[in-house]
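Peer 1: What follows is a protein structure lacking sequence information:
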Ligand code: PAF
C-alpha cells in the first residue's frame, strides 16, 4: 500500500494505476462503515484509493474541527488489511493554499436540513469532494447512506458539472442495537450510547406506521417526536420526511420518502435516516 501526503506525490502514483479506480473519501478515524465502503470498492474495481483528510472547510466556527478524532496509525493498519492500494493524506495547506478562492455551491438540496443548521457545511463538502475527484480521477466513488443529504448533494454536483464518474451509495452500517456507526460516537458516554439508539428506534417506528398504510407525513413526525421525547437525554434538531432527490418536505407519502433526523444526545449531535420505498 502506498501513502501519498502531497498532491504532486499522489499524482505520480496515480499515473501508475492501471484499470478502474474505486475511491473512498474519508475524514479518517475509520470504522466498519468506512471499511464496508472499501470492501465494496475492492469488489467492484481494479484499484482502490482512500483519502484521509479532515476538511476544515466543512466545519463551522463553533464545530469540532480541532477535536475531531484522528488516529492515522490505526487507519493505515486497517486500510492495509482491507487491501487499499493507495492512501492519499494531503495537508490542509496543500488543499487550501494561500489565495484559495474557488468554491462549489450546490443550491436547493444543500440549503435544507443539515445545510440550514450548519451554514457553509455543504459548500465545504462539495468543494473538497470536487477537488478530490479532480486529483484522484476515480471511475467510481463510494459514500455512505448514513450521510444521506451529503450523497444527494454530491450526486447533484456530479450531474450538474458533468463530472465523469459514478457515485455509489452504500447502506448504513449499524451496531447490534441499531446505532449508526459514526466517528462522532466516540464522544458518547455509555449511558448516552444507549440513549442514542432512540434515533434508529424512531426511524423504525416511522417505517412500521408507513408499512401499515400511514401516508400522512405529519402523523409520522408527531409519533417520532413523541417517542424521542420520552428519552431524557435526547433533544430533537429536526425530523424530516422528504422527497429523496429534491429533499422537499412531503405532506403525503405517495412514492418513496427519506425520513431523516438530527438529535442531540447530551453535547453530541447525531444524524440518521431511513428510506421508505416500495419494494
Ligand atoms: O463523509 C465524510 O467523511 C466527508 O464529508 C467527506 C465526504 C470525506 C468530505 O470531507
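Peer 2: That came through, no problem. This one's a predicted model, so the numbers in the text were calculated from it and none came from an experiment.

Peer 1: For the stretch 1-150 of the chain, what lies in contact range of the ligand?
Peer 2: Within the stretch 1-150 of the chain, the positions near the ligand by C-beta under 6 Å from any ligand atom are 25, 26, 27, 55, 58, 125, 128, 129, 147, 150. Using the backbone N, CA and C atoms, a C-beta is placed for each residue, glycine as well.

Peer 1: ok, now with 5 Å
Peer 2: When proximity is defined as C-beta under 5 Å from any ligand atom, the stretch 1-150 of the chain approaches the ligand at 25, 27, 55, 125, 128.

Peer 1: Neighbour-wise, give me the winner out of those.
Peer 2: Each of those was scored for neighbours by other C-beta atoms under 10 Å, and residue 125 scores highest at 26 neighbours.

Peer 1: in the stretch 151-279 of the chain, which spans are helices?
Peer 2: Counting by DSSP state H, counting those that start in this stretch, one finds helices in the stretch 151-279 of the chain at the ranges 190-195, 198-211, 217-229.

Peer 1: which residues sit against the last one?
Peer 2: This means helix 217-229. 198-199, 201-203, 205-206, 209-210, 214, 234, 236, 239, 241, 249-253, 257, 259, 261, 263 (C-beta atoms under 8 Å, 6 or more residues apart in numbering).

Peer 1: Could you check how far it is from the centre of its chain?
Peer 2: 24 Å (C-alpha atoms, centre = their mean, to the nearest Å).

Peer 1: picking up where we left off before, columns mean neighbour count, distance to residue 89 and mean pLDDT on top of the helices of the stretch 151-279 of the chain, output as JSON lines?
Peer 2: Formatted as JSON lines, the helices of the stretch 151-279 of the chain follow (neighbours: other C-beta atoms under 10 Å; distance: least, C-beta to C-beta, whole Å; pLDDT from 0 to 100):
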{"stretch": "helix 190-195", "mean neighbour count": "14", "distance to residue 89": "29", "mean pLDDT": "97"}
{"stretch": "helix 198-211", "mean neighbour count": "19", "distance to residue 89": "31", "mean pLDDT": "98"}
{"stretch": "helix 217-229", "mean neighbour count": "17", "distance to residue 89": "38", "mean pLDDT": "98"}
